[in-house]
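S.K.: From the sequence below, what's the structure:
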Amino acid sequence: MLFRNYKIFQLTFAILLIGISAIGQLPKHYGRKLEKTYPIDLQRHLFNSIKYPNKAEHSYTQGNTIAYFKVYNRKITLLSVAPKLTIDFKNEIIKAFKNFETNDLKNGFYGLPINFRIANVVTKIHNAEIAVHKSYIDLPYLEILLGIPSCDPGAPHLYCKPNTLHAPYELQIPPVYPNDDYRGFIKFIKANVNYPKAAIENQVQGNVYVSFVIEKDGSLSSAKVERSLGYGTDEEAIRVLKLSQKWKPGYENGKPVRTIYRTHISFQPDRPFKNPKPIKIYQLKQLKYPPQYPGGEERLIEFIKTNINYSNLTNKQIKGIVVISAVIEMDGSLSQLKAIDNLGYGTKKEALRVVSKLKRWNPGMENGIPTRTQIAIPVKFNP
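M.R.: As a prediction, this is how the structure comes out:
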C-alpha cells in the first residue's frame with residue numbers, strides 16, 4: 001500500500017476517513033442544462049477518420065466500446081476506451097482523437113459510445129450491452145459501418161426475412177421522422193414530456209434509454225425501457241413515445257421493412273437542483289487499479305523532497321510529516337487539497353504549495369473507466 005512505511009500516516013489516515021466529507025467538488029458539467037449535447041463536428045471527424053481494422057474485418061469481429069474524454073477550452077483529451085475490444089479498435093480510436101478540437105461541446109467529461117458493425121453480418125456482437133458511466137455526460141452513439149448494406153438472401157452472412165427487425169444503418173433507406181427531421185422528433189419529445197413529481201422530489205435527472213419498432217406502415221410499436229431512471233420517468237418516456245405520429249418506414253430493395261430504433265429521452269430540470277448528489281469519490285481500497293503518480297512512489301517522494309523550500313519556514317530545522325488529503329479527479333488533476341495535521345512554523349502552507357505543483361496522476365480506474373479517488377499524501381520535512 002502506498003506510503004506504508006510511514007507510521008504517522010496510519011493515524012492521520014484514520015482521521016482522514018472520519019473528518020473529510022464525502023461530498024466533493026463536482027465536474028463543471030454537473031447539474032446544468034447543456035445547450036448542445038450533439039457533437040456534430042466530432043462525430044463527423046471520427047466517422048471520416050476511424051477505419052475498420054483489417055483483422056477485425058477478416059474475422060467478422062463486431063462490437064461496442066465507449067470513448068471517455070475531457071473537453072477543456074475546445075481541446076479534447078482522450079482518457080480511456082472501455083469496455084475492451086481488440087487493440088486494433090482501440091488504436092483506431094486513439095489516432096482519430098489525437099489533436100482534434102471541438103466547437104460543439106462545452107467544458108466537461110463525456111462518454112461517446114462507438115459501435116463497429118459489418119453490414120448484415122450476423123456474428124456475435126462483443127460488449128452488446130454498454131452504458132456510459134454515470135459520472136460522464138453520455139453522447140449519441142457513433143456507428144462505424146463496414147460495407148454497403150444489402151438484403152440479398154443469396155449472399156453469404158446476409159439475411160432478409162419478411163418480418164426481420166432491421167437496424168437503421170443496415171437499410172438502403174433508413175426510417176425518418178416526418179419531413180426528414182430527426183430534430184423534429186427531439187422537439188416533439190421535449191414538448192410532451194412532463195417531469196414526474198416523484199423525480200423532482202428526489203432530485204432525479206438523467207436519461208431513460210428506450211427502444212421501439214417502426215412498423216412497415218410507419219407506426220410505432222413495442223416501446224420498451226432498456227435502461228431505467230425510475231421515479232416515474234420510465235412510464236413517462238413510454239407514454240410520450242405512444243403519442244408519436246407515424247414515421248416514414250425504412251426501405252430495402254424498394255419494400256418497407258420493420259426497424260428497431262433506440263434512443264434516449266432526457267429528464268433535466270429547467271434550473272439545477274439545489275443539492276444535487278455528488279459524483280462518487282472512491283477510497284483506495286475500493287479500487288483494483290488505484291491512481292498512480294507518473295514514475296511511481298519513488299518519483300513522488302523525490303519531487304516532494306526536491307521542491308520543499310525551507311526558506312519559507314520560520315524554523316528551518318523542523319522535522320516531521322504533514323499529510324495532505326486530496327482527490328485525484330477523472331483527468332488526473334488534484335483537487336480539494338487539505339492539510340490533515342500541522343507541524344507549525346509554516347509547514348502546512350509549504351506542504352500545500354508543494355503538492356499543488358505535482359504533475360497530473362494516472363487516475364484510478366473502475367471497470368476501465370477513470371474515477372475520482374480520495375488519497376492522502378505525506379510531505380516529509382527533513383532538512
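S.K.: so which strand or helix has residue 336?
M.R.: Per DSSP states H and E, residue 336 falls inside strand 334-339.
S.K.: For that strand, buried residues please.
M.R.: 334, 336-337, 339 (16 or more other Cβ atoms under 10 Å). Glycine gets a C-beta too; all of them are placed from N, C-alpha and C.
S.K.: Give me the below-cutoff pLDDT ranges for the stretch 151-300 of the chain.
M.R.: The stretch 151-300 of the chain contains residues with pLDDT under 70 at 151-162, 169-170, 180-182, 275-278.
S.K.: let's see 50
M.R.: Confidence mapping of the stretch 151-300 of the chain against pLDDT under 50 gives the ranges 155-156.
S.K.: follow-up on the earlier one: closest to residue 126 among the buried residues of strand 334-339?
M.R.: Using Cβ to Cβ, residue 334 comes nearest to residue 126 of the buried residues of strand 334-339, at 35.8 Å.
S.K.: And the strand holding residue 336, what does it pack against?
M.R.: Judged by 3 or more Cβ pairs under 8 Å, 6 or more residues apart in numbering; DSSP states H and E, strand 334-339 is in contact with strand 320-328, helix 347-356.
S.K.: if we can go back for a sec, as JSON lines, the buried residues of strand 334-339 with pLDDT would be great.
M.R.: Converted to JSON lines, these look like this (pLDDT from 0 to 100):
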{"residue": "334", "pLDDT": "92"}
{"residue": "336", "pLDDT": "93"}
{"residue": "337", "pLDDT": "95"}
{"residue": "339", "pLDDT": "93"}
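S.K.: Please work out how many residues are found near the nearest residue to residue 95 once chain neighbours are set aside.
M.R.: Sequence neighbours aside, residue 49 is the residue nearest to residue 95 in space, at 7.2 Å (criterion: Cβ to Cβ, 6 or more residues apart in numbering). Applying other Cβ atoms under 10 Å, we find 15 residues neighbouring residue 49.
S.K.: For the closest residue to residue 357 other than its chain neighbours, give its distance to residue 300.
M.R.: Distance criterion Cβ to Cβ, 6+ apart; nearest residue to residue 357, sequence neighbours excluded, is residue 307 at 6.2 Å. Using Cβ to Cβ, to the nearest Å, residue 307 is found at 11 Å from residue 300.
S.K.: Which residue of those two possesses the greater neighbour count?
M.R.: More neighbours surround residue 300 than the other of residue 307 and residue 300, with 21 against 14 (other Cβ under 10 Å).
S.K.: In this protein, where's the longest strand?
M.R.: strand 255-267 (DSSP state E).
S.K.: Sketch out the helices for the stretch 151-300 of the chain, chain order is fine.
M.R.: Assigned by DSSP state H, counting those that start in this stretch, the helices in the stretch 151-300 of the chain fall at 182-192, 197-201, 233-241, 297-307.
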